[in-house]
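Here you go, sequence then predicted model.
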Amino acid sequence: MSDHRRRARPSSAVTLADVARASGVSEITVSRVVRAHGPIAPETRAKVEAAIARVGYVPNRLAGGLASAGSDLVGVVLPSLSNSVFPDVLRGLTSALGTGGLRAVMAVTDYDLDAERDAVAALLAWRPAALVVAGLEHRPETVEMAKASGVTVIELMDIEGEPIDLAVGMSHTAAGAATARRLVTRGRTRIGYVGHGAQDLRAAKRRAGLEAALAESDLRLEGVTVVPGPSSVASGREALAALLAERPTLDAVVFSNDDMALGGAFHCMAADVAVPERLALIGFNGLDLAAALPRPLTTVRTARERIGRIAGEHVLARRRGEEPPRLTDTGFELVAGGTD
């Protein structure tokens with residue numbers, strides 16, 4: 001194992017003693033703060049809580065001789081289950097973990113990084129065999145907890161950045177760039193974008209890649225509509241209608257994902273907008289439903305189930321004392337449908 005990888009892997013969990021040293025109080029005082037038991041001066045509590053956040057301490061809910069009971073659990077924190085994307089990831093993950101007798105315990109955050117931080121704290125308190133989270137961007141406290149936990153940490157769906165431990169996924173910037181180049185080669189020059197909530201940081205990377213690649217051909221996005229909240233077919237339909245009302249000369253629209261693009265396709269059907277003759281549509285994810293449209297959606301297909309399966313295999317490899325690659329690029333495929 002290289003020195004770089006050895007340093008990247010957490011070696012031991014942060015303890016009460018570490019918090020006591022960081023805060024300058026006794027372990028008993030730290031324990032009282034953690035268990036909310038007994039009188040504690042407000043200034044002392046604040047000092048201990050600041051030290052806990054700084055060193056990444058997570059209380060052990062299995063203390064007292066039951067720690068081995070949590071060794072077959074893997075904490076999984078996902079941003080959404082509203083479409084098949086993350087269920088596909090979860091299916092691959094659980095199928096791989098099952099071969100090693102491990103079970104997934106899951107939390108959903110709705111792309112809220114504060115909710116992710118709280119979910120990670122709750123799951124790490126049970127001392128799981130591993131922690132699996134989506135994306136590479138987290139609150140600083142989340143990163144510190146994960147690093148200090150001493151467990152295998154795998155970040156999914158993205159490899160553009162420095163992982164806490166291991167990462168399995170793809171380049172979203174490259175996917176956005178591939179989308180732009182596809183449209184340029186098809187002769188599209190008046191391109192718009194329909195997206196969803198800014199909290200989806202991987203969608204933001206795809207948009208950045210899209211805009212950078214368009215700039216290579218002296219093009220830019222001619223119109224943008226981003227709806228608040230999560231993606232959905234309904235919001236995609238409404239957003240495309242609003243965008244075309246504002247920018248009627250667009251000849252192509254890129255969507256943040258297939259849910260939104262499906263909604264756009266339904267708007268075009270209802271409004272008698274000819275696709276792709278009048279307007280090209282491109283999505284992201286490669287959902288089965290998008291392929292079932294009368295004109296299958298042109299989209300970027302991601303290896304979602306494979307990403308989950310590889311993550312599960314990495315967890316099992318670590319338990320065997322093996323060292324998986326720090327970054328695993330599963331790539332993507334631009335699927336030419338009938339909408340561009």
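On my side now, so go ahead.

so how many other residues sit close to Glu246?
When counting by other C-beta atoms under 10 Å, one arrives at 12 neighbours for Glu246. Every residue, glycine included, has its C-beta placed from N, CA and C.

My guess is it contacts Gly223. True?
Yes - in this structure, Glu246 sits in contact with Gly223. The criterion is C-beta atoms under 8 Å, and the distance is 6.1 Å.

low-scoring stretches of the protein, by residue?
Under the criterion of pLDDT under 70, the regions of the chain flagged as low confidence span 1-12, 35-38, 59-70.

Show me the helices in it, by range?
For the chain, the helices identified by DSSP state H occupy 3-8, 16-23, 27-35, 42-55, 85-98, 113-124, 140-148, 172-185, 201-216, 233-246, 258-271, 288-291, 304-319, in order along the chain.

any chance of the ones you listed in CSV, plus distance to Gly192?
Formatted as CSV, the helices of the chain follow (distance: least, C-beta to C-beta, whole Å):
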stretch, distance to Gly192
helix 3-8, 41
helix 16-23, 51
helix 27-35, 52
helix 42-55, 43
helix 85-98, 23
helix 113-124, 28
helix 140-148, 35
helix 172-185, 11
helix 201-216, 11
helix 233-246, 5
helix 258-271, 10
helix 288-291, 19
helix 304-319, 27
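
Between these, which one is closest to Leu279.
Judged by C-beta to C-beta, the one of these that comes nearest to Leu279 is helix 258-271, at 6.4 Å.

got the buried residues for that closest one?
Taking 16 or more other C-beta atoms under 10 Å as the neighbour-count basis, helix 258-271 is seen to contain the buried residues 258-268.

Which among the helices of the chain is found nearest to Leu166?
For Leu166, the closest of the helices of the chain is helix 304-319, at 5.6 Å, according to C-beta to C-beta.

Report the distance from that closest one to the chain centre.
Using C-alpha atoms, centre = their mean, to the nearest Å, the mean C-alpha position of helix 304-319 is found 16 Å from that of the whole chain.

if I look at the residue nearest to Leu90 when sequence neighbours are not counted, how far off is Thr94?
The spatially closest residue to Leu90, leaving aside those adjacent along the chain, is Gly308, at 6.1 Å (C-beta to C-beta, 6 or more residues apart in numbering). When C-beta to C-beta, to the nearest Å is the yardstick, Gly308 and Thr94 sit 8 Å from each other.

Looking at those two now, which is surrounded by more residues?
Gly308 (29 against 18).

hang on, isn't the more buried one packed against Leu97?
No - under the criterion of C-beta under 8 Å, Gly308 is not in contact with Leu97, lying 9.3 Å apart.

Can you tell me the closest non-neighbouring residue to Leu124?
If you skip the residues right next to it in sequence, Leu124 has Val58 as its closest partner in space, 4.3 Å away by C-beta to C-beta, 6+ apart.

quick one, what contacts that neighbour?
13-14, 121, 124-125, 145, 148-149 (C-beta atoms under 8 Å, 6 or more residues apart in numbering).

Let's see that with 10 Å instead.
13-14, 34, 52, 120-127, 144-146, 148-149 (C-beta atoms under 10 Å, 6 or more residues apart in numbering).

What of Arg320?
Here Arg320 is in contact with Gly100 (criterion: C-beta under 10 Å, 6+ apart).

do you know how far it is from Ala167?
In this structure, Arg320 lies at 20 Å from Ala167, with C-beta to C-beta as the measure.

so Val30 makes contact with Ile52?
Yes - distance between Val30 and Ile52: 8.1 Å, which falls inside the contact criterion (C-beta atoms under 10 Å).

joint contacts of those two?
With contacts defined as C-beta under 10 Å, 6+ apart, the residues shared by Val30 and Ile52 are 16, 18-19, 22-23.

quick one: which of the residues you listed is nearest Pro42?
Minimum distance to Pro42 across the shared contacts of Val30 and Ile52 is 14.0 Å, recorded for Ser23 (C-beta to C-beta).
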